[in-house]
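Asker: Below are the sequence and a predicted model for it; my questions follow.
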Amino acid sequence: MNDYSREDFLDLNAFRGLGEDPAYHPPVLTDRPRDWPLDRWAQAPRDLGYPDFARYQWRGLRLLKDPQAQAALHDLLWEFRPRTVVELGVYSGGSLVWFRDLTRLMGVDCQVIGIDKDLSRSRIPATEMANIALHEADCTDLGTLEKLLGDVAHPLLFIDDAHADTFNVMRWAVDHVLHEGDYFVIEDMIPYWHRYSPTLLEEYLASFRDVLTMDMVYANASPQLDRGVFRRSAAKG
C-alpha cells in the first residue's frame, strides 16, 4: 500500500470563494485621471491604481491567471499537447475558454472540462461552448468526480483551482485518472500552505513520492504554480 492511500488527508484550506463579481469589467481609476498630462509626467503614479487581477481577462471573461502563469501554461500546453484539460473551479469560466482557444490554435484536438459545485458564476456564452463541458460536482464527494471522469482522452492536464479537499482529490486522480506522464497542477495554494501548514504539506507531498514527481521547469516558472506542477510517474511494482 502506498503512503498516499492513508485513510484521509485534512483539507489544508477551507476556501470560501472570491466573494466578488465574476463578470469582467474594465478597471476604473478612482484616484487619478486615466489621461495624465505630459507636463506632469514625472509626478505620475507608478502603481496601477487597482488590483492586478482586475485587468486579467480573455476575450471579455475574467481570467484568474497572472501573466507569468499564462506564459508557463502556454509553454506546457505546447510541449504536452493534452487531449483533455480538467479544471476544478470554474468561477467565470475565462480560463476554460482560454485553454480551449490555445489548444485549438496549436492544432490540438482537446476537450476542456470545468467542474464546480456552483456553476452560477460562469459567464461563458452559449456560443463559446464548443469543446467545453461544464459539470457540477463536489470535491469533498469524490464519487461525483468518478462519474464525470471515468473515460477521458490522454494526455491529460488536471488542474486544481478549487482549493477544496486537494490532497484527497490528488490521491483519487492518481488512482483513477492519471496515466504515466499526465499532469496534476495545484494553483495558488502551495506557498500559503508552506507558510501556515509546512509540516503537513511536506508530509502529504512526500506520501506521493512513488507515484508523482515535480516538473522543475514549470514548478519554478510562476508564483501561482510555485512548486505545484506534478507529473505521474511510472507505476512501481
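Answerer: All right, it came through fine.

Asker: residue boundaries of the strands in the protein?
Answerer: 57-58, 61-62, 84-88, 111-116, 132-136, 156-160, 183-186, 212-214, 229-232 (DSSP state E).

Asker: and the residue of the chain positioned farthest from its centre, what does it touch?
Answerer: Going by CA atoms, centre = their mean, the residue of the chain most distant from its centre is residue 39, 44.0 Å out. If a contact means CB atoms under 8 Å, 6 or more residues apart in numbering, then residue 39 has no contacts. C-betas here are computed from N, CA, C, even on glycine.

Asker: separation between it and residue 126?
Answerer: According to CB to CB, to the nearest Å, residue 39 and residue 126 sit 50 Å apart.

Asker: Could you do residue 95 as well?
Answerer: From residue 95 to residue 126 the distance is 18 Å (CB to CB).

Asker: next one: residue 29
Answerer: Taking CB to CB, one finds residue 29 at 33 Å from residue 126.

Asker: before we move on, what about residue 141?
Answerer: 28 Å.

Asker: Which one of these two is surrounded by more residues?
Answerer: residue 141 (11 against 5; other CB atoms under 10 Å).

Asker: all helices of the protein, in order?
Answerer: Residue ranges of the helices in the chain, as given by DSSP state H, are 67-80, 94-105, 142-148, 166-176, 190-196, 198-206.

Asker: and the second one, how far from the chain's centre?
Answerer: Pointing back at helix 94-105 there. On the basis of CA atoms, centre = their mean, to the nearest Å, helix 94-105 sits 13 Å off its chain's mean C-alpha point.

Asker: which outside residues touch that helix?
Answerer: Taking CB under 8 Å, 6+ apart as the rule, helix 94-105 contacts 24, 57-59, 61-65, 70, 74, 77, 81-82, 85, 87, 90, 110, 112, 114, 123-124, 128, 130-132, 134, 161.

Asker: residue contacts, the residue most central in space within the chain?
Answerer: By CA atoms, centre = their mean, the mean C-alpha position of the chain lies nearest to residue 161, the distance being 4.0 Å. By CB under 8 Å, 6+ apart, residue 161 lies in contact with 64, 87-89, 91, 95, 187-188.

Asker: Which helix or strand in the protein has the lowest average pLDDT?
Answerer: Averaged element by element with mean pLDDT, DSSP states H and E, the chain has its least confident helix or strand at helix 142-148 (a mean of 80).

Asker: packing partners for it?
Answerer: Counting contacts by 3 or more CB pairs under 8 Å, 6 or more residues apart in numbering; DSSP states H and E, helix 142-148 packs against strand 111-116, helix 166-176.

Asker: Out of those, which one sits most buried?
Answerer: strand 111-116 (a mean of 22; mean count of other CB atoms under 10 Å).

Asker: Just give the number of residues close to the closest residue in space to residue 188 that isn't next to it in sequence.
Answerer: Once flanking residues are discounted, residue 188 sits nearest to residue 224: 5.5 Å by CB to CB, 6 or more residues apart in numbering. By the measure other CB under 10 Å, the count of residues near residue 224 is 22.

Asker: ok, now residue 21?
Answerer: 11.

Asker: List the residues that contact it.
Answerer: Contacts of residue 21 by CB under 8 Å, 6+ apart: none found.

Asker: who's in contact with residue 67?
Answerer: If you count contacts by CB under 8 Å, 6+ apart, then residue 67 has residue 56 around it.

Asker: Tell me how far it lies from residue 194.
Answerer: From residue 67 to residue 194 the distance is 23 Å (CB to CB).

Asker: Can you list the low-confidence ranges for this protein?
Answerer: Low-confidence segments of the chain, defined by pLDDT under 70: 1-20, 53, 235-237.

Asker: could you dump the least confident helix or strand of the chain to PDB, C-alpha only?
Answerer: Provided in PDB are the C-alpha atoms of helix 142-148 (Å, rounded to 0.1, in the frame of the first residue of the first chain):
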ATOM      1  CA  LEU A 142     -15.100  12.000  -4.900                       C
ATOM      2  CA  GLY A 143     -17.800   9.700  -6.200                       C
ATOM      3  CA  THR A 144     -19.200  12.700  -8.200                       C
ATOM      4  CA  LEU A 145     -15.900  13.100  -9.900                       C
ATOM      5  CA  GLU A 146     -15.700   9.500 -10.800                       C
ATOM      6  CA  LYS A 147     -19.000   9.700 -12.700                       C
ATOM      7  CA  LEU A 148     -17.600  12.600 -14.800                       C
END
